[in-house]
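In: Based on what follows, work out the 3D shape:
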Amino acid sequence: MHDPSSMKTQLRRSSRRSFIKTCGGLLGGALVSGKLPPLVGRVLAGTEKKQNPLKWESSPRRLIYIALDALHPKYLELNSKGQPGGKEGDWLMPSIRAFLNRAVWYPEAKAYLPAATDMNH
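Out: Prediction:
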């Protein structure tokens, strides 16, 4: 039988930060793997039918931005042996390729800050 007092103790011990990290990891994994139900995916993408058009028109649109630090674009062209010339079914990183096939690209996007990774982490 489940002991509700132990659950309360565990919830009190977990910090807000660890809760958000856990939820973010679960949601991110579900999004990347495509395991979210289609309805939830459409709602998150903003393509679900709107109930009240006037309310939605004034609401800000949301954008989820995912940056893969230190991933040179040429890595996405490599085959499973790490050689140039990857093709469908023989990619070095098939999961990332599958994610990119479902993602939206902005070829005219500009970066104005120099990209550098802090060497302390």
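
In: Which positions within stretch 80-89 qualify as buried?
Out: Neighbour-count burial for stretch 80-89 flags Gly86 (criterion: 16 or more other C-beta atoms under 10 Å). (C-beta placed from N, C-alpha, C; glycine too.)

In: That stretch: end-to-end distance?
Out: Taking C-alpha to C-alpha, to the nearest Å, the first and last residues of stretch 80-89 lie 9 Å apart.

In: Give me the mean pLDDT for that stretch.
Out: Here stretch 80-89 scores 90 as its mean pLDDT.

In: Now do that stretch: everything it contacts.
Out: Around stretch 80-89, the neighbours that count as contacts under C-beta atoms under 8 Å, 6 or more residues apart in numbering are Lys74, Leu76, Glu77, Leu78, Asn79, Asp90, Trp91, Leu92.

In: how would you label the second one: helix, strand or coil?
Out: What it means is Leu76. When the structure is reduced to helix, strand and coil (DSSP: H, G, I helix; E, B strand; the rest coil), Leu76 reads as helix.

In: what's the neighbour count on it?
Out: Using other C-beta atoms under 10 Å, Leu76 has 15 neighbouring residues.

In: measure it to Arg61 for me?
Out: Here Leu76 is placed at a distance of 28 Å from Arg61 (C-beta to C-beta, to the nearest Å).

In: out of the contacts of stretch 80-89, who has the most neighbours?
Out: Among the contacts of stretch 80-89, the one with the most neighbours (other C-beta under 10 Å) is Trp91, at 18 neighbours.

In: correct me, but that residue touches Arg97?
Out: Yes. Applying C-beta atoms under 8 Å, one finds Trp91 in contact with Arg97, separated by 4.6 Å.

In: tell me, what's touching the two both at once?
Out: The contact sets of Trp91 and Arg97 overlap at Leu76 (C-beta under 8 Å, 6+ apart).

In: Quick one: end-to-end distance for stretch 66-75.
Out: When the termini of stretch 66-75 are compared using C-alpha to C-alpha, they are 17 Å apart.

In: Show me the helices in the chain, by range?
Out: Taking DSSP state H as the test, the helices found in the chain are 4-13, 16-33, 38-45, 53-58, 94-102.

In: quick one: average confidence on the first one?
Out: Read it as helix 4-13. The pLDDT scores in helix 4-13 average 60.
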